[in-house]
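>>> Quick one, fold the following:
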Amino acid sequence: MPDPLFLLQSVFGYPAFRGPQEAIIDHVTAGGDALVLMPTGGGKSLCYQIPALARQQAGHGVTVVISPLIALMHDQVGALHEAGVAAAFLNSTLSGEEANAVEKRLQRGEITLLYAAPERITTPRFLAQLDALHALGQLGLFAIDEAHCVSQWGHDFRPEYRALTVLHERYASVPRMALTATADALTRADMVERLQLQGAQQFVSSFDRPNIRYAIVEKQNATTQLLRFIEREHASDAGIVYCQSRKRVEEIAQTLCGAGLRALPYHAGLDVAVRRANQDTFLREDGVVMVATIAFGMGIDKPDVRFVAHLDMPKNIEGYYQETGRAGRDGEPANAWMTYGLQDVVNQRRMIDESPAGEDFKQVMRGKLEALLALAEASDCRRVRLLGYFDESSAPCLNCDNCCNPPALWDGTEAARQLLSCIYRVQQHSGIGFGAGHIMDIVRGKKTEKVTQFGHEALSTFGVGAQFTELQLRGVVRQLIATGALAVNAQAFNTLELTAASRTVLKGEQPVRLRQGAEATAGSKSRTGKAALQSPAAAALDRTGQVRFAALKAWRAEVAREHKLPAYVIFHDATLAAMAALAPTTLADLQGVSGVGAKKLEAYGAELLRVCALPNP
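Just a heads-up that it's a prediction; the model follows:
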């Protein structure tokens, strides 16, 4: 069996394995099944690409990679071609003639890694091709990427993944590995059961992404807050902004463009060609902000995304972690910034309650929502909370908003009791329910037209909480809804209703402590002007190195356009920065640069030396 370390160095140009990569690769190369949980940017792809090379060279045949996204297949195959690896994909972008050509190459044993979607894998035609390869002993490995999609408890459930049980049933002797960046204990157990990986060795890496700074702020004017955050922290940087609705995506993209930023929309309602063009622009050009629904992002390998912003609260921590993990894949500093408010909690709770799913499922989803809200409302270290959700202990990070700027706390127990009592009195008085805004007006003693119309100024709870601000009461309502002490009746115009859990709060048995409502931004320093334009990878270079780095980036952009690939597929910024610092004069010098494998050295070595020799400031 070929040496995996030799393949890592000679094919991919990396000097050594990172973290658990070596143990995973040795186990799978030897024919073992594996469940791999590794954070985004941790090097999951190499965990099946190197075993694929090793097993094929040892005579075991092709590795089939199950991937849910066309764009990811294209980029992965393009990157493998750049490294000199025989790879191909089968998806709907191919013509019938092109697909037939790939299938013939597959049968002739000319492909090391074949990428296909789960829907294609389980078709009778494709299974027949796998049967033929299996009969010849030419099925080397199945790699199931984004494997959390198989679980109903995860954040991105896809029913078509359930049919992948056929792989174990039909090809029991072929090793399988399932890979994902995000799965809590419940999702992980479901993955094992659904994919029949009970005997697989589990490799669970740390979920920590220390280069990401987490910040969560209370929603006041979300659009203004977002603009301020980008202008202060990320002028000219690439980033992703997540919104819940398609309409909101369009509005925010237009607003950002109006503010002088280069922003593009992405959602399922756009024409397929427009979506693809916008995604390609984001991947292949610098400084583009993608405004999107969660339809965008899975499998996005762009390494230099400097921020991910959420204008609406996600459904759960897994989704939040997966989406924020698209920032800073290159290991350089990045920000995860989110605004959240009462309406977010109301909307998420309503979607759960109105779901046609069973009560067990709803209860799990409510628990996940409560965990996310606890993260948002937390006054202690965000990272400790986030990692704790995945059963990983850690110390305060000193790199989140709470660590950098500890928030003030206040006791909202009395305010919570007043709100619940007011809801009860209003229901008694009027026989109908009312929304949060009206209830807060009564508690604060505001004689609005609506309060006067219904005679609610006569209630004993009118004005009992005059000392509280609307911002404070909104925080209390938000927490009561998320913990189930308040219910939102979506069938009656989002009116508030008491629940069985309201009793313990009303009796004062359940304390309610909240952070003071105040705006914050991610990061303590403003990055403006030239600093915002500089790649973090090149920050340590001297003046000569900066000029050389700029020349290398310009050369890379030309090659990427010629090959119709994202620039990072040719070389990462970190590789170019290392070249710029080294100022190589021979091919032997380049051979020691991380990210320069044998094929890339042969293809680009002479050009790289030419470009590195150009600057003479």
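
>>> can you map out the strands along the stretch 151-300 of the chain?
176-180, 201-204, 212-218, 238-242, 263-266, 289-292 (DSSP state E, counting those that start in this stretch).

>>> list the helices and strands the longest one packs on?
When contacts are defined as 3 or more CB pairs under 8 Å, 6 or more residues apart in numbering; DSSP states H and E, strand 212-218 sits against strand 334-340, helix 382-389, helix 401-404. Yep, even glycine has a C-beta here, placed from its N, CA and C like the rest.

>>> Quick check: which of these is nearest to residue 547?
strand 334-340 (25.8 Å; CB to CB).

>>> okay, the angle between that closest one and helix 382-389?
If you take axes from the mean of the first three to the mean of the last three CA atoms, to 10 degrees, strand 334-340 sits at 80 degrees to helix 382-389.

>>> ok and strand 334-340 relative to strand 212-218, angle-wise?
Using the same axes, to 10 degrees: strand 334-340 against strand 212-218 is 20 degrees.

>>> How far off centre is strand 334-340?
12 Å (CA atoms, centre = their mean, to the nearest Å).

>>> Same check on stretch 423-431?
44 Å.

>>> average pLDDT for it?
Mean per-residue pLDDT for stretch 423-431: 92.

>>> In it, which residues are buried?
Neighbour-count burial for stretch 423-431 flags 423, 425-427 (criterion: 16 or more other CB atoms under 10 Å).

>>> Check stretch 591-603 too.
593, 595-597, 599-601, 603.

>>> same deal with stretch 229-240?
Going by 16+ other CB under 10 Å, stretch 229-240 has these buried residues: 229-240.

>>> how long is that stretch end to end?
13 Å (CA to CA, to the nearest Å).

>>> now do stretch 72-90
Span of stretch 72-90 from end to end, CA to CA: 12 Å.

>>> re earlier: and the buried residues of stretch 423-431 as JSON lines, adding secondary structure and distance to residue 25?
Shown next, in JSON lines, are the buried residues of stretch 423-431 (DSSP: H, G, I helix; E, B strand; the rest coil; distance: CB to CB, whole Å):
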{"residue": "423", "secondary structure": "helix", "distance to residue 25": "58"}
{"residue": "425", "secondary structure": "helix", "distance to residue 25": "66"}
{"residue": "426", "secondary structure": "helix", "distance to residue 25": "63"}
{"residue": "427", "secondary structure": "helix", "distance to residue 25": "63"}
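
>>> I'd like those as CSV, with distance to residue 166 appended.
Converted to CSV, the buried residues of stretch 423-431 look like this (distance: CB to CB, whole Å):
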residue, distance to residue 166
423, 53
425, 60
426, 57
427, 54
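
>>> Closest one of these to residue 451?
residue 426 (10.2 Å).

>>> what's near enough to touch that closest one?
433-434, 439, 442, 456, 459 (CB atoms under 8 Å, 6 or more residues apart in numbering).

>>> One more: residue 286?
Applying CB under 8 Å, 6+ apart, the residues contacting residue 286 are 236, 238, 304.

>>> Residue nearest the middle of the protein, spatially speaking?
residue 323 (2.0 Å; CA atoms, centre = their mean).

>>> what sits up against the helix or strand encompassing that one?
Using DSSP states H and E, residue 323 sits in helix 317-324. Residues from elsewhere that reach helix 317-324, judged by CB under 8 Å, 6+ apart: 40, 148, 154-156, 181-184, 187, 207, 209, 212, 214, 240, 242, 294, 297-298, 308, 310, 314, 336, 338, 368, 371-372, 375, 386, 389-390.

>>> ok, residue 28 touching residue 46?
No. If you go by CB atoms under 8 Å, residue 28 and residue 46 don't touch, sitting 11.1 Å apart.

>>> Neighbour count for those two, which is higher?
residue 28 (29 against 20; other CB atoms under 10 Å).

>>> List the contacts of the more buried one.
So residue 28 contacts 34, 47-48, 51, 141, 175, 177 (CB under 8 Å, 6+ apart).

>>> Tell me where the model's unsure across the stretch 351-500 of the chain.
490 (pLDDT under 70).

>>> which residues of it fall in helices?
Ranges of helices in the stretch 351-500 of the chain, per DSSP state H, counting those that start in this stretch, are 359-377, 382-389, 401-404, 413-430, 436-444, 449-453, 470-482.

>>> Export those as TSV, with columns for distance to residue 249.
Below are the helices of the stretch 351-500 of the chain laid out as TSV (distance: least, CB to CB, whole Å):
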stretch	distance to residue 249
helix 359-377	21
helix 382-389	26
helix 401-404	25
helix 413-430	34
helix 436-444	26
helix 449-453	33
helix 470-482	24
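
>>> Any idea which of those gets closest to residue 586?
With CB to CB as the criterion, residue 586 lies closest to helix 382-389 of the helices of the stretch 351-500 of the chain, at 44.1 Å.

>>> what's the closest one packed up against?
Helix 382-389 packs on strand 212-218, helix 317-324, helix 359-377, helix 401-404, going by 3+ CB pairs under 8 Å, 6+ apart.

>>> could you dump those to JSON lines with distance to residue 130?
Converted to JSON lines, those look like this (distance: least, CB to CB, whole Å):
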{"stretch": "strand 212-218", "distance to residue 130": "39"}
{"stretch": "helix 317-324", "distance to residue 130": "30"}
{"stretch": "helix 359-377", "distance to residue 130": "33"}
{"stretch": "helix 401-404", "distance to residue 130": "50"}
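
>>> For residue 473, which of these is the nearest?
Judging those by CB to CB, what sits closest to residue 473 is strand 212-218, at 12.5 Å.

>>> Can I get that closest one in PDB? Just the C-alpha atoms.
Extracted in PDB, the C-alpha atoms of strand 212-218 (Å, rounded to 0.1, in the frame of the first residue of the first chain):
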ATOM      1  CA  ILE A 212     -13.400  33.200  14.400                       C
ATOM      2  CA  ARG A 213     -14.600  36.000  16.600                       C
ATOM      3  CA  TYR A 214     -18.300  35.500  17.600                       C
ATOM      4  CA  ALA A 215     -20.600  38.500  18.300                       C
ATOM      5  CA  ILE A 216     -24.300  38.600  18.700                       C
ATOM      6  CA  VAL A 217     -26.200  41.800  19.100                       C
ATOM      7  CA  GLU A 218     -29.800  42.700  19.800                       C
END
